[in-house]
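> using only what follows, build the 3D model:
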Amino acid sequence: MFLALAFTSNAQKLHSTKWESGMMDRRNKVGVWEYYGITASKEMVVVQRYDHTTQKLLYFRPVGEKTYNVEIAPGQWQRRAVDQPPMFIGGDAALAVYTTQMQYPQRAQDNNIQGAVTITFAVDTLGRINRHRVLRGIGGGCDEEAMRVARSIPNEWIPAKIGNQSVLTEYELTLTFRLAKP
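Just a heads-up that it's a prediction; the model follows:
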(Lines give C-alpha, C1' and ligand atoms only; values in the text may rest on other atoms or scores of the structure.)
Protein backbone atom coordinates (compact mmCIF):
# COMPACT_ATOMS: atom_id res chain seq x y z
CA MET A 1 0.00 0.00 0.00
CA PHE A 2 1.35 3.42 -1.03
CA LEU A 3 0.53 6.49 1.05
CA ALA A 4 0.89 9.78 -0.81
CA LEU A 5 1.49 12.89 1.22
CA ALA A 6 0.91 16.29 -0.28
CA PHE A 7 3.19 19.06 0.82
CA THR A 8 2.60 22.68 0.01
CA SER A 9 5.78 24.34 -1.09
CA ASN A 10 6.28 27.58 0.72
CA ALA A 11 8.28 29.48 -1.87
CA GLN A 12 7.55 32.84 -0.26
CA LYS A 13 10.47 34.63 1.30
CA LEU A 14 10.74 37.86 3.21
CA HIS A 15 12.47 40.62 1.29
CA SER A 16 13.59 43.64 3.27
CA THR A 17 15.75 46.63 2.40
CA LYS A 18 16.16 50.13 3.78
CA TRP A 19 13.27 51.28 1.53
CA GLU A 20 10.82 48.34 1.41
CA SER A 21 9.68 45.18 3.15
CA GLY A 22 7.37 42.36 2.11
CA MET A 23 7.04 38.83 0.80
CA MET A 24 8.38 37.56 -2.53
CA ASP A 25 7.05 34.53 -4.35
CA ARG A 26 9.25 33.49 -7.26
CA ARG A 27 10.48 37.06 -7.95
CA ASN A 28 6.99 38.55 -7.61
CA LYS A 29 5.86 40.79 -4.79
CA VAL A 30 2.87 39.30 -2.98
CA GLY A 31 0.74 40.39 -0.07
CA VAL A 32 1.14 43.64 1.84
CA TRP A 33 4.37 45.58 1.40
CA GLU A 34 5.56 48.58 3.35
CA TYR A 35 7.58 51.30 1.65
CA TYR A 36 9.71 53.74 3.63
CA GLY A 37 10.93 57.28 3.25
CA ILE A 38 12.81 59.85 5.28
CA THR A 39 11.21 62.99 6.68
CA ALA A 40 12.85 66.41 6.72
CA SER A 41 13.85 65.68 10.34
CA LYS A 42 15.69 62.51 9.14
CA GLU A 43 13.11 60.13 10.63
CA MET A 44 12.43 56.85 8.76
CA VAL A 45 8.66 56.47 8.24
CA VAL A 46 6.22 54.30 6.31
CA VAL A 47 5.14 56.26 3.24
CA GLN A 48 3.02 53.56 1.60
CA ARG A 49 1.42 50.25 2.43
CA TYR A 50 0.37 48.43 -0.75
CA ASP A 51 -1.22 45.00 -1.24
CA HIS A 52 0.40 43.54 -4.35
CA THR A 53 -1.98 40.58 -4.39
CA THR A 54 -5.15 42.67 -4.57
CA GLN A 55 -3.39 45.68 -6.19
CA LYS A 56 -4.81 48.07 -3.62
CA LEU A 57 -3.27 50.97 -1.74
CA LEU A 58 -3.91 50.46 1.97
CA TYR A 59 -2.12 53.52 3.35
CA PHE A 60 -0.15 56.53 2.21
CA ARG A 61 1.53 59.23 4.25
CA PRO A 62 0.16 62.62 3.25
CA VAL A 63 2.86 65.19 2.52
CA GLY A 64 0.76 68.33 2.60
CA GLU A 65 -1.75 69.68 0.17
CA LYS A 66 -0.51 69.86 -3.39
CA THR A 67 -2.52 70.69 -6.49
CA TYR A 68 -2.53 68.79 -9.77
CA ASN A 69 -3.97 69.32 -13.22
CA VAL A 70 -7.07 67.11 -13.19
CA GLU A 71 -9.22 66.27 -16.18
CA ILE A 72 -12.71 67.25 -14.99
CA ALA A 73 -14.37 66.51 -18.35
CA PRO A 74 -12.90 65.17 -21.61
CA GLY A 75 -10.33 67.73 -22.70
CA GLN A 76 -11.08 70.10 -19.80
CA TRP A 77 -8.37 70.43 -17.18
CA GLN A 78 -8.43 72.24 -13.86
CA ARG A 79 -5.73 72.77 -11.24
CA ARG A 80 -7.04 71.43 -7.94
CA ALA A 81 -6.29 69.49 -4.78
CA VAL A 82 -7.00 65.76 -4.74
CA ASP A 83 -7.82 63.44 -1.83
CA GLN A 84 -5.15 60.94 -2.89
CA PRO A 85 -2.27 62.09 -5.10
CA PRO A 86 -0.93 60.02 -7.99
CA MET A 87 1.86 57.86 -6.58
CA PHE A 88 4.49 55.51 -7.90
CA ILE A 89 4.13 52.15 -6.16
CA GLY A 90 6.96 52.10 -3.62
CA GLY A 91 7.21 55.88 -3.31
CA ASP A 92 10.08 58.17 -4.19
CA ALA A 93 12.72 55.58 -3.31
CA ALA A 94 11.31 53.16 -5.89
CA LEU A 95 10.98 55.95 -8.45
CA ALA A 96 14.63 56.87 -7.87
CA VAL A 97 15.66 53.49 -9.33
CA TYR A 98 14.70 54.98 -12.70
CA THR A 99 15.56 58.66 -12.23
CA THR A 100 19.11 57.92 -11.03
CA GLN A 101 19.86 56.27 -14.38
CA MET A 102 19.97 59.70 -15.96
CA GLN A 103 23.15 60.45 -17.92
CA TYR A 104 24.52 63.95 -18.28
CA PRO A 105 24.64 64.81 -22.01
CA GLN A 106 28.15 65.61 -23.24
CA ARG A 107 26.91 68.69 -25.13
CA ALA A 108 25.45 70.09 -21.87
CA GLN A 109 28.70 69.38 -20.03
CA ASP A 110 30.78 71.03 -22.76
CA ASN A 111 28.56 74.14 -22.64
CA ASN A 112 28.32 74.25 -18.82
CA ILE A 113 24.52 73.80 -18.94
CA GLN A 114 23.02 73.04 -15.53
CA GLY A 115 19.57 73.23 -14.03
CA ALA A 116 16.25 71.47 -13.67
CA VAL A 117 14.13 69.91 -16.39
CA THR A 118 10.48 69.31 -15.56
CA ILE A 119 8.66 66.58 -17.45
CA THR A 120 4.92 66.20 -17.12
CA PHE A 121 2.93 63.10 -17.96
CA ALA A 122 -0.61 61.91 -17.41
CA VAL A 123 -1.41 59.19 -14.88
CA ASP A 124 -4.67 57.63 -16.01
CA THR A 125 -7.35 56.03 -13.84
CA LEU A 126 -5.69 52.61 -14.21
CA GLY A 127 -2.23 53.81 -13.14
CA ARG A 128 -0.73 53.93 -16.64
CA ILE A 129 1.37 56.88 -17.77
CA ASN A 130 1.35 58.61 -21.15
CA ARG A 131 1.34 62.07 -22.78
CA HIS A 132 4.94 62.83 -21.76
CA ARG A 133 6.11 66.35 -22.55
CA VAL A 134 8.77 68.81 -21.44
CA LEU A 135 7.19 71.47 -19.24
CA ARG A 136 10.42 73.36 -18.48
CA GLY A 137 13.68 72.63 -20.26
CA ILE A 138 17.28 73.81 -20.23
CA GLY A 139 18.57 72.54 -23.59
CA GLY A 140 21.93 70.98 -24.38
CA GLY A 141 20.39 67.52 -24.70
CA CYS A 142 19.16 67.58 -21.08
CA ASP A 143 15.50 67.83 -22.11
CA GLU A 144 15.80 64.74 -24.30
CA GLU A 145 17.63 62.81 -21.57
CA ALA A 146 15.00 63.74 -18.98
CA MET A 147 12.29 62.60 -21.42
CA ARG A 148 14.12 59.30 -22.01
CA VAL A 149 14.30 58.67 -18.28
CA ALA A 150 10.62 59.60 -17.74
CA ARG A 151 9.56 57.22 -20.51
CA SER A 152 11.57 54.40 -18.87
CA ILE A 153 9.38 54.53 -15.75
CA PRO A 154 6.99 51.55 -15.78
CA ASN A 155 3.20 51.74 -15.51
CA GLU A 156 3.26 51.02 -11.76
CA TRP A 157 1.30 54.04 -10.59
CA ILE A 158 -1.59 54.46 -8.21
CA PRO A 159 -4.04 56.92 -9.75
CA ALA A 160 -5.13 60.10 -8.01
CA LYS A 161 -8.54 60.12 -6.37
CA ILE A 162 -11.16 62.67 -5.57
CA GLY A 163 -13.46 61.01 -3.07
CA ASN A 164 -13.54 57.34 -4.11
CA GLN A 165 -13.26 58.16 -7.82
CA SER A 166 -9.96 57.72 -9.69
CA VAL A 167 -9.17 60.74 -11.85
CA LEU A 168 -6.81 61.47 -14.72
CA THR A 169 -4.05 63.80 -13.50
CA GLU A 170 -0.81 65.26 -14.70
CA TYR A 171 2.28 64.44 -12.66
CA GLU A 172 5.32 66.71 -12.75
CA LEU A 173 8.74 65.10 -12.46
CA THR A 174 11.74 67.39 -12.03
CA LEU A 175 15.19 66.06 -12.87
CA THR A 176 18.24 68.14 -11.96
CA PHE A 177 21.46 68.31 -13.97
CA ARG A 178 24.45 69.55 -11.93
CA LEU A 179 28.08 69.52 -12.96
CA ALA A 180 30.57 68.24 -10.42
CA LYS A 181 32.74 70.98 -8.95
CA PRO A 182 36.44 70.60 -9.86
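> and the longest helix along the chain, how far out from the chain's middle?
Assignment by DSSP state H gives helix 142-152 as the longest helix of the chain. Offset of helix 142-152 from its chain centre (C-alpha atoms, centre = their mean, to the nearest Å): 15 Å.
> where does pLDDT dip in this protein?
1-11, 182 (pLDDT under 70).
> let's see 90
The chain contains residues with pLDDT under 90 at 1-12, 39-40, 63-66, 180-182.
> centroid residue for it?
Residue closest to the average C-alpha location in the chain (C-alpha atoms, centre = their mean): Phe88, at 2.5 Å.
> just give the nearest non-adjacent residue to that residue, would you?
Using C-beta to C-beta, 6 or more residues apart in numbering and skipping residues adjacent in sequence, the residue nearest Phe88 is Leu95, 4.4 Å away. (Each C-beta comes from the backbone N, C-alpha and C, glycine too.)
> so how far is the helix or strand hosting that neighbour from its chain's centroid?
Under the criterion DSSP states H and E, the helix or strand holding Leu95 is helix 91-99. For helix 91-99, the separation from the chain centroid amounts to 6 Å (computed by C-alpha atoms, centre = their mean).
> cool, and stretch 124-141?
Worked out by C-alpha atoms, centre = their mean, stretch 124-141 lies 13 Å from the chain centre.
> now do Ser152: how many residues are near it, please.
Using other C-beta atoms under 10 Å, Ser152 has 12 other residues around it.
> okay, now the residue lying closest to it once chain neighbours are set aside: neighbour count?
In this structure, Ser152 finds its nearest non-sequential neighbour in Tyr98, 5.4 Å apart by C-beta to C-beta, 6+ apart. For Tyr98, the neighbour count with other C-beta under 10 Å is 16.
> same deal with Ile89?
So Ile89, with other C-beta under 10 Å, has 20 neighbours.
> list the contacts of the nearest residue to Ile38 once chain neighbours are set aside.
Leaving aside its chain neighbours, Ile38 sits nearest to Met44 (5.9 Å; criterion: C-beta to C-beta, 6+ apart). Listed by C-beta atoms under 8 Å, 6 or more residues apart in numbering, the contact set of Met44 reads 36-38.
> now, which of these lie within strands?
Among the contacts of Met44, DSSP state E puts 36-38 in strands.
> that older thread, the residue nearest to the centre of the chain and Val97, how far apart?
10 Å (C-beta to C-beta, to the nearest Å).
> this completes my enquiry, with thanks.
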